[in-house]
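Visitor: what would the 3D arrangement of this be:
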Amino acid sequence: MQRLYAFIRRHPTLVDGFWAVILLGFSAMQWEAADTGNGHDAKAVPIFLGLSAAVALRRRAPEKMLLLVTLLGVAQLVFDVSSLPADFAMLVLIYTVAADGKRWASRFGLIGGVCAGALAQLRWPEETVTSWVQQAFLTMVLTVPFILAWVMGDSMRTRRAYFAQLEERAARLEREREAQSKVAVAGERARIARELHDVVAHNVSVMVVQADGAAYVLDASPDQAKQALETISSTGRQALAEMRRLLGVLRTGDAQESGEYVPQPDVQQIGDLVEQVRIAGLTVDFRIEGTPRPLPSGVELTAYRIVQEALTNTRKHGGPDVGASVRLVYFDDGLGLLVEDDGRGAAHELYQDGGADGQGHGLIGMRERIGMVGGTLDAGPRPGGGFRISALLPLRPAH
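Guide: Down below sits the predicted model:
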């Protein structure tokens, strides 16, 4: 049965032609049997031929076939050609234009169908019908099939429009889902890029400072050079571990294959970060105010990365003998960060959005991170010299 349905859907004109042949055969048999001795009515032949052809071509040109059927029906009334099996084509065409035709053709078909029964009753009245009530009832009986054909066709049009709307909506949702997926992928890549920037910029700058120091004191103080090399080694391992964690999300099953999972940094590790910077030669004053308490993971990671980026910028742009201070303040509704240095400060274009020379990516990353958790950031030169970064991270994202 499925193959039959598929064949019918693929060859609609062939199916319509089959039914046209059936109507033509029955009409020809009735016309042949109607010989009363005075010969056949030759005027009926072109009428049932035309009606059968209209059924065969109804899907190719429904409006034109409706007009053809109308003309043939009028000719049938004018030339007094009695009803034929091919007159069923009128019902078929009314259904067709109601389902697939233009709106004017659908209305025209409905009006013609309503008038057809009354006109047939007037042209060929029944001898057994004597009262007007019986005539009205018979006219209504003849009109109902035409109205039902139109209603079925219009219902089919509505159903097709409904399914087309559902398909269009499903396609639109699929496109939106793909777009959201691409946005999510782009956002994840941007997050990884920010993480890599923070990791590489901080740890590599520490390694460079320690390598320069080790080279300077290698002959005069081998112990200090050894300590600097150990710091370079531990910093490098830490950078590799964080980069492995970040890049692992780009490979399916990386965490399962390696068998290890490195947690993301949090506020508790800011002290270790400050100590690492002190070992690298930067004087840092670290203070915590308020009562420490657990924070959302996104807030803790943001706080850690802001301090890391701020201290990295201090080493890169603060100049010689620069000192810095890191202050964490726990409020009832959030966490405050204040990172200041007394160096020469960064150039103006470095703390603009991107800068004229394309720099400033670290501070752009800060703003993006703080924006994701609904916080605020104030970064710029400090009165009296140096640079200051102030941030407020709420416990809950702003709506």
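Visitor: that's a helix at S205, yeah?
Guide: Yes - if the criterion is DSSP: H, G, I helix; E, B strand; the rest coil, then S205 is within a helix.
Visitor: which ones are touching it?
Guide: By CB atoms under 8 Å, 6 or more residues apart in numbering, S205 lies in contact with 312, 315-316. The way it works is simple: take the backbone N, C-alpha and C, and place the C-beta from them, glycine included.
Visitor: how close does it sit to S234?
Guide: Computed as CB to CB, to the nearest Å, the S205 to S234 distance reads 15 Å.
Visitor: make TSV out of the contacts of S205 and add pLDDT and secondary structure.
Guide: Putting the contacts of S205 into TSV (pLDDT from 0 to 100; DSSP: H, G, I helix; E, B strand; the rest coil) gives the following:
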residue	pLDDT	secondary structure
T312	84	helix
R315	81	helix
K316	80	helix
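Visitor: could you export those residues as CSV, including distance to K226?
Guide: What follows is the contacts of S205, written out as CSV (distance: CB to CB, whole Å):
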residue, distance to K226
T312, 25
R315, 22
K316, 26
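Visitor: what's the closest of those to R169?
Guide: Nearest to R169 among these is T312, at 49.6 Å by CB to CB.
Visitor: give me the number of residues near that closest one?
Guide: Residues lying near T312 (other CB atoms under 10 Å) number 21.
Visitor: ok, S390 next?
Guide: Residues lying near S390 (other CB under 10 Å) number 16.
Visitor: identify the residue spatially nearest to it, adjacent ones excluded.
Guide: D378 (4.4 Å; CB to CB, 6 or more residues apart in numbering).
Visitor: what about the one you found, which SS state?
Guide: Classification of D378 by three-state DSSP places it in strand.
Visitor: report pLDDT for it.
Guide: With respect to pLDDT, D378 scores 90.
Visitor: hang on, it packs against A391?
Guide: Yes - applying CB atoms under 8 Å, one finds D378 in contact with A391, separated by 7.5 Å.
Visitor: higher neighbour count, those two?
Guide: With neighbours defined as other CB under 10 Å, D378 and A391 compare such that A391 has more, 25 against 10.
Visitor: shouldn't the more buried one be within a helix?
Guide: No - counting by three-state DSSP, one finds A391 to be strand, located in no helix.
Visitor: helix, strand or coil for the closest residue to it other than its chain neighbours?
Guide: Excluding its sequence neighbours, the residue lying closest to A391 (CB to CB, 6+ apart) is L337, at 4.3 Å. Secondary structure state of L337, per three-state DSSP, is strand.
Visitor: gap between L337 and R315?
Guide: 18 Å.
Visitor: and if you look at T235?
Guide: Where R315 is concerned, T235 sits at a distance of 13 Å (CB to CB).
Visitor: so what sits against both of those two?
Guide: V206.
Visitor: pull the contacting residues for the residue nearest to S390.
Guide: Applying CB under 8 Å, 6+ apart, the residues contacting D378 are 388-391.
Visitor: closest to L273 out of those?
Guide: I389 (14.6 Å).
Visitor: that closest one contacts T376, doesn't it?
Guide: No - using CB under 8 Å, I389 makes no contact with T376, being 11.7 Å away.
Visitor: and these two? Which one has more around it.
Guide: In this view I389 and T376 are compared by other CB under 10 Å, and I389 has more residues nearby, 25 against 14.
Visitor: what's across from the more buried one in the sheet?
Guide: V339, A379 (DSSP bridges).
Visitor: in contact with it, which residues?
Guide: 306, 310, 337-340, 366, 377-379.
Visitor: and L24, by the same measure?
Guide: 48-49, 52, 86.
Visitor: which two in those residues are spaced the farthest apart?
Guide: L49 and A86 (8.2 Å).
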